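*Asks:* What follows is a protein structure lacking sequence information:
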């Protein structure tokens, strides 16, 4: 692998850092390194890297835009960090995490709203609901731009593709659908007869970084890979699965709770995680070097994705882990529990760092902010909370929902 000396500038022209990289690094590797040396600005929503006018898009190697030797990259920073929450009260709400101010309420779903995600540019939000639809909303105006559906008896999950031009929805009708954001039209239905039928509800899906394939995971105990060109299933795995951040790996958890990491291009088995049992809540580190899993035995595991070696085991005997997230610098993790408590741990030492209190019920989701300075939690106690990742202090409570807050995400 060829070494490349990178000089990185803020888009304003201010020099940020000089680092040595290798040609196979992606933007995630570079941004993780910048996090670790502490030279990123605060309060950003999104980071993008450019060589002249060519973007180093997610999942692409550095060699795709830089021939070798030495190069200059520009870091583009999007500000205006926001939070979206969704609830059983049939609404989604957008908040300013710095002040706790509610910026807008997104109304129109006729049943509980179960998930939401910002587009990559932060201008749109997609929500999924048990009313059999997903909706695309303008973050600037709060207007519903498109209603995607009906899709089965309920839409279980909705997510934008990396380009922001496509949306993927999954449903209790055992299928996934791909929609064009600009028109609201359905481009593909994944899981119809003759092209790889799931036999139970589909609960998760994700586009690859290049949007050439989609993966879906189902309660039928399988994960499937679909061609965006043909809409056909090109590979099926036993077990539930997730795709890594860069799209390089798939992690599947088989019916016995054992984990397997696959190369997402060749679809060959890369490594099995020995001693892995009854796993839940998988999460890849930002640069895909490690994967975190939690087990029903209240143990947190971190594994090396290259060789499957166990790097860290943390026992939480009194609590069931309900969610987990990596810090952007890859040096700490946060876990959430059914007791309403979140905990930040250092990696790879596994030392207890900070306990985050503030919820009176089960925590549904937990996430670091893009700059790593905040932790966001959502709970069955009808609130979401923004906490300092340095002290654990609650900075603001997002408390205008009237029922369980299923998820909360930065964007």
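*Replies:* That came through, no problem. Note that the structure is a prediction, hence the values are computed from the model and not measured.
*Asks:* any residues touching stretch 60-76, and which ones?
*Replies:* With contacts defined as C-beta atoms under 8 Å, 6 or more residues apart in numbering, stretch 60-76 is touched by 2, 4-11, 16, 21-27, 30, 34, 47-51, 54-56, 209. C-beta coordinates here come from the backbone N, C-alpha and C atoms, glycine included.
*Asks:* Now with 7 Å, please.
*Replies:* Stretch 60-76 is contacted from outside by 2, 4-11, 16, 21, 23-26, 47-51, 54, 56, using C-beta atoms under 7 Å, 6 or more residues apart in numbering.
*Asks:* Off-centre distance for that stretch?
*Replies:* Distance of stretch 60-76 from the chain centroid (C-alpha atoms, centre = their mean, to the nearest Å) equals 25 Å.
*Asks:* Next, the distance between the ends of it.
*Replies:* One end of stretch 60-76 sits 17 Å from the other (C-alpha to C-alpha, to the nearest Å).
*Asks:* And for stretch 61-81?
*Replies:* First residue to last in stretch 61-81 (C-alpha to C-alpha) measures 28 Å.
*Asks:* returning to that earlier point: among the contacts of stretch 60-76, which ones are buried?
*Replies:* Neighbour-count burial (16 or more other C-beta atoms under 10 Å) applied to the contacts of stretch 60-76 gives 4, 6, 8, 10, 16, 21, 25-26, 47-51, 56.
*Asks:* I'd like the residues you listed laid out as CSV, including secondary structure.
*Replies:* As requested, the buried ones among the contacts of stretch 60-76 are exported to CSV (DSSP: H, G, I helix; E, B strand; the rest coil):
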residue, secondary structure
4, strand
6, strand
8, strand
10, strand
16, strand
21, strand
25, coil
26, coil
47, strand
48, strand
49, strand
50, strand
51, strand
56, coil
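*Asks:* So which of these is the closest to residue 398?
*Replies:* residue 47 (24.5 Å; C-beta to C-beta).
*Asks:* pretty sure the closest one is touching residue 28, no?
*Replies:* No. Between residue 47 and residue 28 there is no contact under C-beta atoms under 7 Å: 9.9 Å.
*Asks:* what are the ranges of the helices in the stretch 101-250 of the chain?
*Replies:* Counting by DSSP state H, counting those that start in this stretch, the stretch 101-250 of the chain has no helices at all.
*Asks:* which stretches of it have low pLDDT?
*Replies:* 193-196 (pLDDT under 70).
*Asks:* Mind doing that once more with 50?
*Replies:* The stretch 101-250 of the chain contains no residues with pLDDT under 50.
*Asks:* tell me the contacts of the residue nearest to residue 342 when sequence neighbours are not counted?
*Replies:* Among residues not flanking residue 342 along the chain, residue 356 sits closest, at 4.0 Å (C-beta to C-beta, 6 or more residues apart in numbering). Residues near residue 356 by C-beta under 7 Å, 6+ apart: 341-343, 375, 387, 392.
*Asks:* So which of those residues wins on neighbours?
*Replies:* residue 342 (28 neighbours; other C-beta atoms under 10 Å).
*Asks:* Please name the bridge partners of it.
*Replies:* In this structure, residue 342 bridges to residue 336, residue 356 when assessed by DSSP bridges.
*Asks:* Can you give me the distance of it to residue 197?
*Replies:* Residue 342 sits at a distance of 39 Å from residue 197 (criterion: C-beta to C-beta, to the nearest Å).
*Asks:* same deal with residue 308?
*Replies:* Residue 308 is 32 Å from residue 197, where distance means C-beta to C-beta.
*Asks:* Equivalent analysis for residue 362, please.
*Replies:* 34 Å.
*Asks:* wait, what's in contact with the residue nearest in space to the middle of the chain?
*Replies:* Geometric centre of the chain, nearest residue: residue 245, 7.6 Å, by C-alpha atoms, centre = their mean. By C-beta under 7 Å, 6+ apart, the contact set of residue 245 is 28, 284, 286, 288.
*Asks:* and of those, the nearest to residue 369?
*Replies:* residue 286 (13.1 Å).
*Asks:* Name the SS class of the closest one, please.
*Replies:* With three-state DSSP as the criterion, residue 286 reads coil.
*Asks:* what's it sitting at in phi/psi?
*Replies:* phi -60, psi -30 (degrees, to the nearest 10).
*Asks:* so what's it up against?
*Replies:* Contacts of residue 286 by C-beta under 7 Å, 6+ apart are 28, 32, 245, 326, 328, 330.
*Asks:* now the residues you listed in TSV, with secondary structure and distance to residue 201?
*Replies:* Shown next, in TSV, are the contacts of residue 286 (DSSP: H, G, I helix; E, B strand; the rest coil; distance: C-beta to C-beta, whole Å):
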residue	secondary structure	distance to residue 201
28	helix	31
32	helix	35
245	coil	25
326	strand	28
328	coil	32
330	coil	33
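*Asks:* Any chance of a markdown table for the residues you listed, columns distance to residue 255?
*Replies:* Formatted as a markdown table, the contacts of residue 286 follow (distance: C-beta to C-beta, whole Å):
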| residue | distance to residue 255 |
| --- | --- |
| 28 | 31 |
| 32 | 34 |
| 245 | 26 |
| 326 | 27 |
| 328 | 34 |
| 330 | 31 |
